[in-house]
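In: Output the structure for:
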Amino acid sequence: MAHIKKFEELQCWKTSRILVKKVYEITSRGKLERDYDLRSQLRKTAISSMNNIAEGFSRFSDKEFIRFLDISIGSTGELKSMIYILEDLDYADTIVLKELHQLSDETKALTLGLLKYLINKSGVERKN
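Out: Modelled structure (predicted):
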């Protein structure tokens, strides 16, 4: 972490950015294009995951950064749950769903890795 000067260098943010782009791509076509509520919520959760990483990085302390990473992980979990809705409603094909699951899992894992690093480095305890 010591060498990272801006949030754009964080791998979890980069992966989250790819996830946001993919969510926007799939919500701009097909049945999902007309399901305004679901489309909006999918976009909001993906954006929340990405933006909370950036906002946390921009905060003053590791404790605050940890809190924002925790929120980001929660948003990624919410998005992952919503991918099952897409599957259940047959709003996306299997390849797209698999890619979304993979990207959300990767984003969560990378963000969790950073969160654990910061917890170990700073001694801040995470509530379970």
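In: show me the contacts for the residue most central in space within the chain.
Out: Centroid-nearest residue in the chain: Ser49, 3.4 Å away (criterion: CA atoms, centre = their mean). Neighbour list for Ser49: 16, 19-20, 72-73, 75-76, 79, 107, 111 [criterion: CB atoms under 8 Å, 6 or more residues apart in numbering]. All C-beta atoms are positioned from the backbone trio N, CA, C, and that covers glycine.
In: ok, now Ile26?
Out: Counting by CB under 8 Å, 6+ apart, Ile26 has contacts 32, 86, 92, 96, 100.
In: Mark which of these are buried, thanks.
Out: Among the contacts of Ile26, the ones that count as buried by 16 or more other CB atoms under 10 Å are 32, 86, 92, 96, 100.
In: Could you export the residues you listed to TSV, including columns for pLDDT, distance to Phe57 and secondary structure?
Out: What follows is those, written out as TSV (pLDDT from 0 to 100; distance: CB to CB, whole Å; DSSP: H, G, I helix; E, B strand; the rest coil):
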residue	pLDDT	distance to Phe57	secondary structure
Leu32	89	31	helix
Leu86	96	30	helix
Ala92	92	31	coil
Val96	94	30	helix
Leu100	97	25	helix
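In: Switch those over to TSV; also include distance to Lys116.
Out: Formatted as TSV, the buried ones among the contacts of Ile26 follow (distance: CB to CB, whole Å):
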residue	distance to Lys116
Leu32	34
Leu86	30
Ala92	32
Val96	30
Leu100	24
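In: gap between Lys31 and Ile85?
Out: According to CB to CB, to the nearest Å, Lys31 stands 12 Å off from Ile85.
In: circling back to that earlier point, does the residue nearest to the centre of the chain sit in a helix, a strand or a coil?
Out: Classification of Ser49 using DSSP: H, G, I helix; E, B strand; the rest coil returns helix.
In: show me what contacts the residue lying closest to it once chain neighbours are set aside?
Out: Nearest non-adjacent residue to Ser49, counting by CB to CB, 6 or more residues apart in numbering: Ser75, 4.1 Å away. With contact taken as CB under 8 Å, 6+ apart, Ser75 is in contact with 45-46, 48-49, 52.
In: quick one, what contacts Lys21?
Out: The contact partners of Lys21, taken as CB under 8 Å, 6+ apart, number zero.
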